[in-house]
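*Asks:* Would you be able to build a 3D model of this:
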Amino acid sequence: MLEKNNKNFSEYGADFQIKLAKCIATDSAFSNQIREVLDVEYFELDYLKSFVNKIFEYKDKYKCHPAIETIESIFNTNQLTDNKVHLNILKGIINDLKSNDKIVDQGFVRDNSLLFCKTQKVKEALGLGFIDLENGNLEKFKSRIDESFKLGIDLSSGHDYLDEVEKRYEIDVREAITTGWPSLNALTKGGFGTREVSVYIAPTGKGKSSRMVYTGAANLCQGKNVIYYSCELKDSVIGRRFDSCITGIKLDDLDLYKDEIKKAIRKLIKGRLFIKEYPMYSISVKTIETHLEKLKQKGIEFDLVIIDYADLLLPSGGAKDDLAGGVTVFQELVSMAQRHDLRILTAAQTNRQAETADTITFQHVQDAYKRYSPVDFVMSFSPSGNSLVLKNRNGPHDVLLQETADFSRLDFKLTSMISNPDFRSNTNSTDASKHGTIEDRIGEFIRKNNK
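*Replies:* All right, here's what the predicted structure looks like:
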């Protein structure tokens with residue numbers, strides 16, 4: 001929470017202020033929006049005050065936002081600071097802008113900087129408004145307060161079709177991470193991207209959680225950070241599933257190989273895994289969002305957020321998940337992913353008819369089209385071994401993949417692909433097993449010990 005007497009960004013720290021300066025430098029619409037409420041004195045660091053001031057001076061003089069090359073020229077021709085440490089930090093900022101690296105947590109930085117600045121403007125208006133009240137000028141008081149709330153709103157008119165042709169053809173970097181299956185990565189342009197929500201659906205007790213663990217484990221082995229929210233199983237149970245999936249040791253034999261597991265995960269896991277357990281129907285998307293924000297403030301960021309699973313979350317209003325509530329939950333998940341540049345993987349349950357279905361389709365999910373219209377990827381897993389890509393914003397859908405599942409050690413292989421699963425000919429079989437799966441990343445000595 002903001003302190004009443006806090007007049008600058010000091011409570012957010014230097015890293016936050018540097019990211020804010022980068023946002024102002026790279027995003028014309030945001031810089032215009034925040035400028036209405038930003039006083040550069042809010043920056044605690046003098047060299048950032050100078051940096052941001054130069055950008056605003058350029059915009060005032062030339063009536064346009066400076067290109068990155070122009071910002072570099074401004075930096076090179078103006079002595080923004082005499083401090084060598086600060087000078088090196090500014091050089092680092094310029095280099096980051098030139099490399100076009102994504103600004104981590106930019107949604108968080110934008111939202112909180114705008115909130116802080118708007119709050120200051122409202123406080124200023126209230127201070128002057130009390131003088132208006134003392135003078136008996138109620139209309140002026142009301143007008144002053146109303147105007148303060150209008151400051152800092154989004155000024156962007158949207159994509160200017162004629163003037164922003166180049167922007168339309170800039171490469172859209174999704175920063176995709178693996179699904180765990182090479183065949184599925186190929187179908188999704190590399191895997192799951194930022195600002196995307198993906199959903200695995202299956203009947204009750206048929207492996208939704210196990211397959212999410214599989215995807216999570218594949219990313220851990222590639223050095224990604226993963227957080228797993230469990231609303232159904234104990235955190236220790238989920239942890240043991242990761243142990244089995246990563247090492248190849250059967251779930252029933254884990255206790256026999258505790259020392260080997262310790263050695264294996266130290267050797268094989270390059271990322272970090274956090275498992276957070278909540279009772280079912282006790283949390284909402286907002287609860288998860290708040291938890292993630294607190295972890296980010298501690299410097300802990302995640303490449304993949306797994307939620308086990310969406311049907312067990314409370315929608316806005318607190319009622320248990322009904323048809324309308326289910327739609328709301330998925331809408332809120334997509335909104336959270338977009339605001340915070342997250343990759344979210346969750347699951348949902350089918351109806352009872354799906355338990356005997358050869359291939360699970362949207363007909364086996366109640367109100368499926370409303371529920372899943374906001375999300376980016378949906379895939380079903382049936383007990384028969386048929387896995388169907390039902391929705392895919394980044395590639396073809398209606399693709400049937402044959403799966404071989406070993407639940408004893410959470411080992412899942414996708415062995416072939418069939419386009420048009422409602423059997424409108426046009427098949428394209430691909431042997432995916434030769435590409436390998438997560439088991440290729442495990443220590444072979446562990447598997448030998450388990451035979």
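
*Asks:* what sits against residue 117?
*Replies:* 34, 37, 38, 39, 42, 152 (CB atoms under 8 Å, 6 or more residues apart in numbering). From N, CA and C alone the C-beta is placed, and that goes for glycine too.

*Asks:* In space, what's closest to the fifth one - neighbours in sequence excluded?
*Replies:* In other words, residue 42. Closest residue to residue 42 apart from its sequence neighbours, by CB to CB, 6 or more residues apart in numbering: residue 8 at 4.9 Å.

*Asks:* coming back round to it: out of the contacts of residue 117, which is nearest to residue 311?
*Replies:* Distance to residue 311 across the contacts of residue 117 (CB to CB) is lowest for residue 152, with 37.7 Å.

*Asks:* Looking at per-residue confidence, what score does the closest one get?
*Replies:* Per-residue pLDDT puts residue 152 at 68.

*Asks:* got the residue ranges for the strands in the stretch 151-300 of the chain?
*Replies:* 196-202, 226-230, 273-277 (DSSP state E, counting those that start in this stretch).

*Asks:* Low-confidence regions, the stretch 151-300 of the chain specifically.
*Replies:* Counting by pLDDT under 70, the stretch 151-300 of the chain contains low-confidence ranges at 152, 154-173.

*Asks:* so what are the domain limits for the protein?
*Replies:* Split into domains by automatic domain parsing, the chain comes to 9-150, 182-450.

*Asks:* circling back to that earlier point, now do the residue nearest to residue 42 against residue 224, distance only.
*Replies:* Shown here: residue 8 relative to residue 224, a distance of 35 Å by CB to CB, to the nearest Å.

*Asks:* So which of the two has more stuff around it?
*Replies:* residue 224 (19 against 15; other CB atoms under 10 Å).

*Asks:* Could I get the phi/psi values of residue 314?
*Replies:* The phi/psi pair for residue 314 (degrees, to the nearest 10) reads phi -80, psi 130.

*Asks:* Distance-wise, check it relative to residue 387.
*Replies:* Using CB to CB, residue 314 is found at 30 Å from residue 387.

*Asks:* again with residue 100
*Replies:* In terms of CB to CB, residue 100 sits 36 Å off from residue 387.

*Asks:* same thing with residue 379?
*Replies:* Where residue 387 is concerned, residue 379 sits at a distance of 6 Å (CB to CB).

*Asks:* More neighbours: the two, which one.
*Replies:* Between residue 379 and residue 387, residue 387 has the larger neighbour count (other CB under 10 Å), namely 27 against 24.

*Asks:* and that one, that one's in a helix?
*Replies:* No - under DSSP: H, G, I helix; E, B strand; the rest coil, residue 387 sits outside any helix and is assigned strand.

*Asks:* how about the residue nearest to the spatial centre of the chain, what does it touch?
*Replies:* Centroid-nearest residue in the chain: residue 342, 0.3 Å away (criterion: CA atoms, centre = their mean). Residues in contact with residue 342 (CB under 8 Å, 6+ apart) are 194, 195, 292, 302, 305, 336.

*Asks:* Tell me how many other residues surround the nearest residue to residue 368 once chain neighbours are set aside.
*Replies:* Using CB to CB, 6+ apart and skipping residues adjacent in sequence, the residue nearest residue 368 is residue 362, 3.9 Å away. For residue 362, the neighbour count with other CB under 10 Å is 18.

*Asks:* any idea which of the contacts of residue 117 is closest to residue 415?
*Replies:* Nearest to residue 415 among those, with distances taken as CB to CB, is residue 34, at 52.2 Å.

*Asks:* What are the buried residues along the host helix or strand of the closest one?
*Replies:* Here residue 34 sits within helix 28-35, counting by DSSP states H and E. By neighbour count with 16 or more other CB atoms under 10 Å, helix 28-35 contains the buried residues 30, 31, 32, 33, 34, 35.

*Asks:* now swap in stretch 56-71 and tell me
*Replies:* Within stretch 56-71, judged by 16+ other CB under 10 Å, the buried ones are 58, 59, 65, 66, 71.

*Asks:* average model confidence for the helix or strand encompassing the last one?
*Replies:* To tie it back to what came earlier, the one meant is residue 71. According to DSSP H and E, residue 71 maps onto helix 68-77. Here helix 68-77 scores 86 as its mean pLDDT.

*Asks:* I'd like the next helix or strand past that helix.
*Replies:* helix 84-99.

*Asks:* what's that next one packed up against?
*Replies:* helix 14-26, helix 46-62, helix 68-77 (3 or more CB pairs under 8 Å, 6 or more residues apart in numbering; DSSP states H and E).

*Asks:* if we go to 6 Å?
*Replies:* Helices and strands touching helix 84-99, as assessed by 3 or more CB pairs under 6 Å, 6 or more residues apart in numbering; DSSP states H and E, comprise helix 68-77.
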